[in-house]
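# Model the following, please.
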Amino acid sequence: MLLRPVGEWNLQEVTVKGSRIKVELNGTVILDGDVATVTEFMGDRPHPGKDRTSGFFGFADHGDLVQYRQIYIREID
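You can find the predicted model right below:
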């Protein structure tokens, strides 16, 4: 099971290098891909931000109560 029990904190790490995005949840890689190579799109239209080289990091949930703590954003080489 990737998610920890209710009441325990999960740890998620997101690494972005160029167009490559890697997401780890509690030590397990759940996404590792290059958005520049995406050729199939929902609704047959590419996401308007797919080819951006800078922007913002956003947090989202799926309608449930979510809390965040100890958020670090740093530049890597």
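
# contacts for stretch 2-20?
By Cβ atoms under 8 Å, 6 or more residues apart in numbering, the list of residues contacting stretch 2-20 from outside reads 21-28, 30, 32-36, 51, 53, 57, 69, 76. Every residue, glycine included, has its C-beta placed from N, CA and C.

# Just the buried residues of those residues.
Applying 16 or more other Cβ atoms under 10 Å to these, the neighbour count classes 25, 35 as buried.

# Restricted to helices, list the contacts of stretch 2-20.
Per DSSP state H, helices hold no members of these.

# end-to-end on stretch 70-77?
22 Å (Cα to Cα, to the nearest Å).

# Show the average pLDDT along that stretch.
Mean pLDDT, computed over stretch 70-77, is 88.

# try stretch 41-54
86.

# C-alpha coordinates for that stretch, CSV please?
What follows is stretch 41-54, C-alpha atoms only, in CSV (Å, rounded to 0.1, in the frame of the first residue of the first chain):
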residue,chain,number,x,y,z
PHE,A,41,-4.2,14.3,-25.2
MET,A,42,-7.5,14.3,-23.4
GLY,A,43,-10.1,15.9,-25.6
ASP,A,44,-7.6,15.7,-28.5
ARG,A,45,-6.1,19.0,-27.4
PRO,A,46,-2.8,19.4,-25.6
HIS,A,47,-2.7,21.0,-22.2
PRO,A,48,-1.9,24.7,-22.7
GLY,A,49,1.0,24.5,-20.2
LYS,A,50,2.6,21.4,-21.6
ASP,A,51,5.5,23.2,-23.2
ARG,A,52,6.2,25.9,-20.6
THR,A,53,9.7,26.1,-19.3
SER,A,54,8.8,28.0,-16.1
